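Student: sequence below, structure please.
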Amino acid sequence: MNTKQLIDKAVSLPVEERALVVDSLLRSLNQPESEIDKIWAKEARRRLDELRSGRVKAIPGEEVFKKVWKRFE
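Tutor: Numbering: from 1, shown residues only. Presented below is the predicted three-dimensional model:
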């Protein structure tokens with residue numbers, strides 16, 4: 001099977017299976033680094049705790065993007 005045939009076959013799969021194929025291929029290109037993953041997970045938990053406790057206030061995405069676009073005008 002050549003590359004084009006493989007791609008054609010993959011594209012014909014149900015969406016859930018295509019997502020699994022894509023995820024598997026991307027993981028093969030970018031191997032997870034467990035130490036970095038642990039650091040990011042710890043940071044995510046810290047940020048979630050800050051939000052839940054009220055120490056920081058969430059900013060709606062629309063507001064953030066509005067400010068970003070304004071800077072590039």
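Student: C-alpha from now on. contacts and neighbour counts both.
Tutor: OK.
Student: domains in the protein, by residue range?
Tutor: 1-31, 34-71 (automatic domain parsing).
Student: could I get those domains as CSV with mean pLDDT?
Tutor: Formatted as CSV, those follow (pLDDT from 0 to 100):
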stretch, mean pLDDT
domain 1-31, 92
domain 34-71, 94
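Student: TSV for those domains, including mean neighbour count?
Tutor: Converted to TSV, the domains of the chain look like this (neighbours: other Cα atoms under 10 Å):
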stretch	mean neighbour count
domain 1-31	11
domain 34-71	11
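Student: give me the distance between the most centrally placed residue in the chain and Ser12.
Tutor: Centre of the chain computed as the mean C-alpha position; nearest residue by Cα atoms, centre = their mean is Asp23, 10.9 Å away. According to Cα to Cα, to the nearest Å, Asp23 and Ser12 sit 16 Å apart.
Student: what does Ser12 show for phi and psi?
Tutor: phi -80, psi -10 (degrees, to the nearest 10).
Student: list of residues touching the helix or strand Arg18 falls within?
Tutor: Using DSSP states H and E, Arg18 falls within helix 15-29. Residues from elsewhere that reach helix 15-29 (Cα atoms under 8 Å, 6 or more residues apart in numbering): Ala10, Val11.
Student: CA atoms only: put stretch 4-14 into CSV for me.
Tutor: Included here for stretch 4-14 are C-alpha records, laid out as CSV according to Å, rounded to 0.1, in the frame of the first residue of the first chain:
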residue,chain,number,x,y,z
LYS,A,4,-1.9,7.9,-1.1
GLN,A,5,-3.8,4.6,-0.7
LEU,A,6,-3.1,4.7,3.0
ILE,A,7,-4.5,8.3,3.3
ASP,A,8,-7.5,7.5,1.2
LYS,A,9,-8.2,4.5,3.4
ALA,A,10,-7.8,6.7,6.6
VAL,A,11,-10.1,9.4,5.2
SER,A,12,-12.8,6.8,4.7
LEU,A,13,-12.9,5.8,8.4
PRO,A,14,-15.5,7.1,10.8
